[in-house]
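In: Pasted the sequence and its predicted model underneath.
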Amino acid sequence: MEEAMLKKLFVPMMFLVMLINGCAGKTHLASPELGNRIQTVKKVGVVIAEAKVFELNFGGSRELKTDWTAQAMENLEKVSINLLNTNGFDSKLLATDERAQNLIGYYNRLQRHDLIKLVSKGEQLPEKISQDLKGYLDQQGLDALILVRGVDNVSSAGRQSARVVLMMMGAYAASAPAIVDMAIIDRTGLILFFDSKVEDGQDLRKQDNANYMLGELLKRLQEVRRGEEG
């Protein structure tokens, strides 16, 4: 394998390392109202707002894989319900109607700085979105909606081989990061809690990995809850 090609591959790999290191710190956001409101949140509905698995190819290009994405979606659905039920919630997976789709679309379009502002300042979602959410939760008999997203990048065989060569040359080469995040939105339209987990080399096609990634977010939620109660 030519050295020039390896150097070309090294650049996107280092970008991924920077992404992971940049997200490795404390990432959770908690509303000022979390301590008061979370105590009233018992029955929750879960929606997977996004699930995507890409094959990350030699050179850094990505290809969305439909069958891999379907497996990741199934895993995220299963582990979300299981973990929430073992962490003090009564949860169920929701089928999405038009109101829910509108909420998901708005949530997925939120820029990070807007999300930070909404959560940290205790601001509600836009009025129309909040009203639709309340109607949706009332219809389902729920206290809050939990939105989960998962995006994964799985190295192709060629890229895996290149990583081995790069490491033999003494260069660190990230494999491919998986990203999972979770938001809890109560019936008033407040995002009570948001957190994300980014880790190199996780594979959301495997249920154990999805369970680990989302489990870390639930651990942080419980830590914040205990801190608010204290």
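Out: Done, it's in.

In: Can you list the buried residues in whatever helix or strand residue 47 lives in?
Out: With elements taken from DSSP states H and E, the one containing residue 47 is strand 43-56. For strand 43-56, the neighbour count (16 or more other C-beta atoms under 10 Å) marks 44-56 as buried. C-beta: built from backbone N, CA, C; applies to glycine.

In: again with stretch 97-116
Out: 99, 100, 102, 103, 104, 107, 110, 115.

In: Let me know the secondary structure of the third one.
Out: Secondary structure state of residue 102, per DSSP: H, G, I helix; E, B strand; the rest coil, is helix.

In: pretty sure it is touching residue 131, no?
Out: No - shown here, residue 102 and residue 131 do not form a contact pair, counting by C-beta atoms under 8 Å, at 10.8 Å.

In: what bridges to the residue nearest the centre of the chain?
Out: Against the mean C-alpha coordinate of the chain, by C-alpha atoms, centre = their mean, the closest residue is residue 181 at 2.0 Å. Here residue 181 sits in beta bridges with residue 149, residue 196, as judged by DSSP bridges.

In: and which of the buried residues of strand 43-56 is nearest to residue 93?
Out: Among the buried residues of strand 43-56, residue 46 lies closest to residue 93 (C-beta to C-beta), at 5.3 Å.

In: contacting residues around the closest one?
Out: Neighbour list for residue 46: 77, 80, 81, 84, 91, 92, 93, 94, 145, 146, 148 [criterion: C-beta atoms under 8 Å, 6 or more residues apart in numbering].

In: what do you get for residue 204?
Out: Residue 204 neighbours (C-beta under 8 Å, 6+ apart): 51, 53, 71, 72, 75, 76, 150, 152, 178, 180, 210, 213.

In: Torsion angles phi and psi at it?
Out: Main-chain torsions, residue 204, degrees, to the nearest 10: phi -70, psi -10.

In: and the gap between it and residue 39?
Out: 32 Å (C-beta to C-beta, to the nearest Å).

In: can you give me the strands in this protein?
Out: 29-30, 43-56, 62-64, 90-93, 144-155, 177-186, 191-200 (DSSP state E).

In: start to end distance for stretch 106-113?
Out: Stretch 106-113 has an end-to-end distance of 14 Å (criterion: C-alpha to C-alpha, to the nearest Å).

In: quick thing: my sequence starts at 10, can you match it?
Out: From this message on, residue numbering opens at 10, which makes the last subject stretch 115-122.

In: Give me the contact list for that stretch.
Out: Taking C-beta under 8 Å, 6+ apart as the rule, stretch 115-122 contacts 58, 59, 127, 134, 135, 138, 156, 158, 192.

In: Check stretch 131-150 too.
Out: Outside stretch 131-150, the residues touching it (C-beta under 8 Å, 6+ apart) are 40-42, 52, 54, 103, 106, 108-109, 111-112, 115, 126-127, 152-154, 194, 196-200.

In: mind running it again at 6 Å?
Out: 40, 41, 42, 54, 108, 109, 112, 115, 196, 198, 199 (C-beta atoms under 6 Å, 6 or more residues apart in numbering).

In: Please identify which of the residues you listed is nearest to residue 229.
Out: Sorting the contacts of stretch 131-150 by how near they are to residue 229, with C-beta to C-beta, puts residue 40 at the top with 14.4 Å.

In: Could you list every helix and strand in contact with the lengthiest helix in the chain?
Out: Longest helix in the chain, counting residues (DSSP state H): helix 216-238. Here helix 216-238 touches helix 75-94, strand 186-195, strand 200-209, going by 3 or more C-beta pairs under 6 Å, 6 or more residues apart in numbering; DSSP states H and E.
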